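Enquirer: Model the structure of this input:
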Amino acid sequence: GQCDSRTARGPQRVKNNLRYVTQYREMATDEAHGAVANEVDSNALLLDLHAEMEGATAMFTDRYSDAEKIWNARQHSAGCAFGLALLQFLRAALTFEEAEMDATVALLPPIHRAAKAAASQAGRRIGWFSAWGGNGSHAPPTLLIELVALRADVAAAGAEMICAFIGLFRMSTSGYITLMRALRRAHATYTAIVHRLRELRTDHLSVSSVGLPDAEAGLLGVIEGGLNHGLGVMNLMLGMLPPKVALMAGYFGLHGDREVGIRHLTNGWNSSSKSMYAPIAALALLAYHSAMLIFRVAGDAAENSAIATKVLEESLDKYPGSFFWYMGGRVARGQHNLDAALASYSHIPCDSWQALRHIVAYETGWIKMLHMKWAEAAVQFEILAEESKWAKGFYFYLVGICHIHAGNHTIASTALATISTVARKSGPMGRPIPIEAFALNRAALYASALGRGVAPCNRLSLPALEIVYFWNGFRQCDQADLAVVLSLLEERAADPISAALGCGVAVMRASVLRLMGHQDAAKIQLDAVDKAKMAKVLRKSGEEWCIPYGQVERGLVHLEQGDVDSARSFIETAKSYSGSHSFENRLQVWIKQAIGVLDDRKAASTGKGVVTASVREGRRSARSIAQTESGNNGALARSTEKGLHEQSTKRDPTIGTARSVSLTYADGRRILIL
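Expert: Residues are numbered from 1 along each chain as shown. Below you'll find the predicted structure:
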C-alpha cells in the first residue's frame, strides 16, 4: 500500500514502484518456498574452498584432466566455476584461436549464476525493499553468508576480466568495445566489494582472518586474494594498452597505473592464505616482468630481472608445471640466456595440450632465429603453419623468410605465395589483423620483385632480421650474437641493393651498434635515413618504416649518451609521424617505453617525482567519489570513520572512480584493498 500511494508522482515513479513491487513479490515467493536461507553449511563450504585450491594445484602441475574433474564436481561453487573458465582461458591465451575463445566465453555464465544465487542468499534484494517500508521481519544475514556472497562477487569480477582479455585478443573494434564494457563491469564489482568490506569492518569489529572460524577465515583470504589479483591485472592492462585503445578506455572513464597493479599482484602472490589466486597472481607478475625484459628498448631492467627470478624460483618450487616453465623460458630470453630458455621449454610436455606444442614451437623458432639457425627455425614455424588456426599467413611468412636466409628460394617463394590464401580476416570489413597485414604487404613486395625478374637475394632485404628487429630481438642477443648479426648486415650493405633496402639495413645496423656501445658509429648509419630526399623513395618502395624507426633509434642513441633533451625531441618527432608503416603499434610501444625512461631520468636529475596524466586523472576521480560519498551517504562515511582507520594514498592512483584504501584490523594488521 505504501508503494501504491506514490504512483501519482509521475511516469518514472510508476515505473520504479512497479519494479520494487515485483521484486517484493518475488522475495515473498522465495521465502515461502524456503529459497532464501540464512544459514550456510560450513563443512560444505570448506570442501568448496579445498576443491578450488586442489584444482588450481592440479592445473599448475600439468594435471589438467584432474583439475577439470575436481572443479566439475563442485561447479555450483563460483570459485570452481571460475577455475574451469580460467583453464579454458589459458588455452585460448596460448593459441589465440577463435574456437578456444568461444569455448571460454561459454563457461562464464555459470559463474554469474552462482554469484547471483549467493547474492540472493545474502538477502540483498530485501535490502532494496527495506528502504521502501518493508516489514523488516527478515533476520539480517550472518557474517558467513555475507562473505560467501562477496567471494562469489570476486569470481564474477574475475569472469569479467576474462571477457575483457578475450575482447583484447580479438584485435577488432567490436573486441575493444567488449574489452571496455567488461572492464567497467569488473571495476564496478570490485568497488562494491571494497565498500561492503568497509561496512562489515564497521559492523563486525572482529572481521580478520585471525581468530575467525575456519570457514570465515578461508573466505576472507580468498576474497583478499581475488581483489589483489583482479585489481592488479586491471591496472596493468590499463597501463599497458596501445595508445589508441588507451584513448578509448579514457572515454569509458578507465585509468590504470602499473605500479599499483604490481603492488596488488605482489600482495596476492605473498598472501599467506591458501587461495587459488596466489599462483595466478604469480603467473601475472611473471608475464609482466618477462614482457618488460623482452620488449624493453632502453633503460636498466635489473629490477625486473631480479623480481622475475625470485617469483619464478618460488613458483616452480610449488607448481613445477608447464605454465611456469614457459615463463621461465621467457625470463631467460629477457636475460640474454637463450640456451637456458631452450632448456626451460624442454620441461614442457607437448603431448598433453596441442596449445603447449604450438607455444613451444613458436618460442623455439624465435630462439633459433636469434641464433641465426634459419633452417631449424623454419622447421618449428612449419609446425605452426600446418596446425595452428591463428595467423596462418604470418606463420607462412616466417617459414618463407627463414628459407630465404637459408638459401632455399624455391621453398620460400611457395610459402610466401600461400599467404594470400590463408591470411586471417577479422572485423566488419573483413580486414586482416595487423600481423597478417604486415605479412601480406611484405609478400606482395616479394611477388612484385619476382615479376620484374629481380634476383632472389634482392627481393627483400634480410627479412628475418627485419622481423627480429621489430620484435626487439636484437636486445635479447648477447654480444657474440650481436657481432654475428652486425657482420651479416655489413655484408648486405656491401651488395648492390636499392637505396630503400639500404636504408632498412642502415637502421638495423644502427640498432646493433647502439646495443654494442658504439653510439657515434650508429649516428653515421642514421644520417643516410634522415636525408630529406629519402622520404619519398621510402614511401614508394614500401620501406616507410625506416623513417619513424630511424627517429626513435637516433633518440635512443642520444639517450645512451645522456643527452635527454635531444633524445626527447627525436622521440616526439617519431611519435607525431603520420605516415602509414608496418607495425605502428610496435613502434608506439617503443616510444612509450622510451618516454618513460626519459621521465625517470628527468625525475632523477631534479630529485622530484613525475606525475603522469593517468595519475592526475585518478586523483581527480578519487576526489570526485569522496565528495559524492560525503554528500549522499554521510552516515556511512561517519560510521566508517569510527570503525575503520582509512588512509588516503597520495601516491596510489585509482582506476575509474574507486579510492585506494587500507583496512587496519584490531590486531594491527593492515591490508591494501583498493
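Enquirer: Check the spacing between residue 262 and residue 279 real quick.
Expert: According to CB to CB, to the nearest Å, residue 262 and residue 279 sit 17 Å apart. In this view, the C-beta of every residue, glycine as well, is placed from N, C-alpha and C.
Enquirer: who has more neighbours, the two?
Expert: residue 279 (24 against 19; other CB atoms under 10 Å).
Enquirer: in which helix or strand would I find the more buried one?
Expert: Secondary structure here is read from DSSP states H and E; on that basis residue 279 sits in helix 277-295.
Enquirer: tell me the mean pLDDT over that helix?
Expert: For helix 277-295, the mean pLDDT works out to 92.
Enquirer: List the contacts of whichever helix or strand comes after that helix.
Expert: Counting by DSSP H and E, the element after helix 277-295 in chain order, helix or strand, is helix 302-318. For helix 302-318, contacts defined as CB atoms under 8 Å, 6 or more residues apart in numbering pick out 269, 279, 282-283, 285-286, 289-290, 292-293, 296, 324-325, 327-328, 331, 334-335.
Enquirer: Can you mark which positions in helix 302-318 are buried?
Expert: Within helix 302-318, the residues scored as buried using 16 or more other CB atoms under 10 Å are 304, 305, 307, 308, 309, 311, 312, 315, 316.
Enquirer: And the fourth one, how far from residue 324?
Expert: In this structure, residue 308 lies at 11 Å from residue 324, with CB to CB as the measure.
Enquirer: cool, the first one as well?
Expert: Taking CB to CB as the criterion, residue 304 is separated from residue 324 by 17 Å.
Enquirer: Now for residue 262: which residues touch it?
Expert: Each residue near residue 262 by CB under 8 Å, 6+ apart is listed here: 232, 236, 285, 288.
Enquirer: again, only this time at 7 Å
Expert: If you count contacts by CB atoms under 7 Å, 6 or more residues apart in numbering, residue 262 has them with residue 288.
Enquirer: tell me the angle the host helix or strand of it makes with helix 277-295.
Expert: Using DSSP H and E, residue 262 sits within helix 258-269. Interaxial angle of helix 258-269 relative to helix 277-295 (axes from the mean of the first three to the mean of the last three CA atoms, to 10 degrees): 140 degrees.
Enquirer: Go through helix 258-269 and flag the buried ones.
Expert: Quick answer for helix 258-269 (16+ other CB under 10 Å): 258, 260, 261, 262, 263, 264, 265, 266, 267, 268, 269.
Enquirer: Tell me the gap between it and the middle of its chain.
Expert: 13 Å (CA atoms, centre = their mean, to the nearest Å).
Enquirer: So that it lines up with my notes, have the first residue be 487 from now on.
Expert: All right, first residue 487 from here; so that's helix 744-755.
Enquirer: what's the angle between that helix and helix 788-804?
Expert: Orientation check (the same axes, to 10 degrees): helix 744-755 against helix 788-804 gives 20 degrees.
Enquirer: Would you mind pulling the contact partners of stretch 751-769?
Expert: Applying CB under 7 Å, 6+ apart, the set of residues contacting stretch 751-769 from outside is 538-539, 542, 546, 565, 569, 695, 707-708, 710-712, 714-715, 718, 770-771, 797, 801, 805, 809, 813, 1158.
Enquirer: Check the gap between the nearest residue to residue 1046 once chain neighbours are set aside and residue 677 for me.
Expert: Nearest non-adjacent residue to residue 1046, counting by CB to CB, 6 or more residues apart in numbering: residue 1005, 5.6 Å away. Distance of residue 1005 to residue 677, given as CB to CB: 49 Å.
Enquirer: can you check residue 1027 too?
Expert: Going from residue 1027 to residue 677 by CB to CB gives 52 Å.
Enquirer: of those two, who's got more company?
Expert: Under the criterion of other CB under 10 Å, the comparison of residue 1027 against residue 677 puts residue 677 first, with 20 against 16.
Enquirer: all strands for the chain, in order.
Expert: 911-912, 917-918, 1148-1150, 1156-1158 (DSSP state E).
Enquirer: buried sites along stretch 1073-1090?
Expert: Buried residues in stretch 1073-1090 (16+ other CB under 10 Å): 1073-1085, 1087.
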